[in-house]
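Asks: coordinates only, no sequence provided:
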């Protein structure tokens, strides 16, 4: 099974959308294997957003991400990265598809509620930035047999 990292950003936390966001992933059939609230420091944010470091909005992005703690999660499932990206919607909230998290709850490009890993490689890197190995749990869920066919579980 593939894993993906999801962060609920400060705007999602302050707007009280944590339960709604978790519920959407659970209803889809993804399995939550890691969850915590954490404050991101400059070191983590510099590595997380290294691709934005030279852009004029980088300082504001870091300040925004440090306003409050974020809720960090690791979700697991078949094709978890692409499935979660579809559930989250495109970056600019006002252009995101209705039915997606951003499409239903966001209007901004930067205050867009949520981050989701964009590749399996990045998911692994991101996981190591916010989670220790012993904070990720492997378990058998009774729902696994309802969510996936026996062929898909093998």
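Replies: The structure has been received and is ready for your questions. What you see is a predicted model, and the numbers here were worked out from it, not measured in a lab.
Asks: which element is the closest residue to residue 53 other than its chain neighbours on?
Replies: Nearest residue to residue 53 in three dimensions, chain neighbours excluded: residue 46, at 6.9 Å (Cβ to Cβ, 6 or more residues apart in numbering). Backbone N, C-alpha and C define where each C-beta goes, glycine included. According to DSSP states H and E, residue 46 maps onto helix 42-48.
Asks: counting by contacts, list what that helix packs against.
Replies: Applying 3 or more Cβ pairs under 8 Å, 6 or more residues apart in numbering; DSSP states H and E, one finds that helix 42-48 contacts helix 58-65, helix 120-130.
Asks: buried stuff in the longest one?
Replies: When you say that, I think you mean helix 120-130. Going by neighbour count (16 or more other Cβ atoms under 10 Å), the buried part of helix 120-130 is 123, 126-127, 130.
Asks: how many neighbouring residues does residue 84 have?
Replies: Neighbour count for residue 84, taken as other Cβ atoms under 10 Å: 26.
Asks: same thing with the one 3 residues further on?
Replies: For residue 87, the count of nearby residues is 21 (other Cβ under 10 Å).
Asks: from the buried residues of helix 120-130, which is closest to residue 88?
Replies: Nearest to residue 88 among the buried residues of helix 120-130: residue 123, at 13.2 Å, using Cβ to Cβ.
Asks: with adjacent residues omitted, what lies nearest to the closest one?
Replies: Nearest residue to residue 123, sequence neighbours excluded (Cβ to Cβ, 6+ apart): residue 117, at 3.6 Å.
Asks: which residues in the chain form helices?
Replies: Remark: helices assigned in the chain by DSSP state H are 10-14, 18-28, 42-48, 58-65, 80-88, 101-105, 120-130, 144-147, 150-153.
Asks: among these, which is nearest residue 1?
Replies: It's helix 80-88; of the helices of the chain, that one is closest to residue 1 (Cβ to Cβ) at 7.1 Å.
Asks: helices or strands up against the closest one?
Replies: Using 3+ Cβ pairs under 8 Å, 6+ apart: helix 80-88 touches strand 2-8, helix 18-28, helix 101-105, strand 114-116, helix 120-130.
Asks: show me what contacts the residue most central in space within the chain?
Replies: What sits nearest the mean C-alpha location of the chain, by Cα atoms, centre = their mean, is residue 6, with 1.3 Å. Neighbour list for residue 6: 21, 25, 72-75, 84, 88, 114-117 [criterion: Cβ atoms under 8 Å, 6 or more residues apart in numbering].
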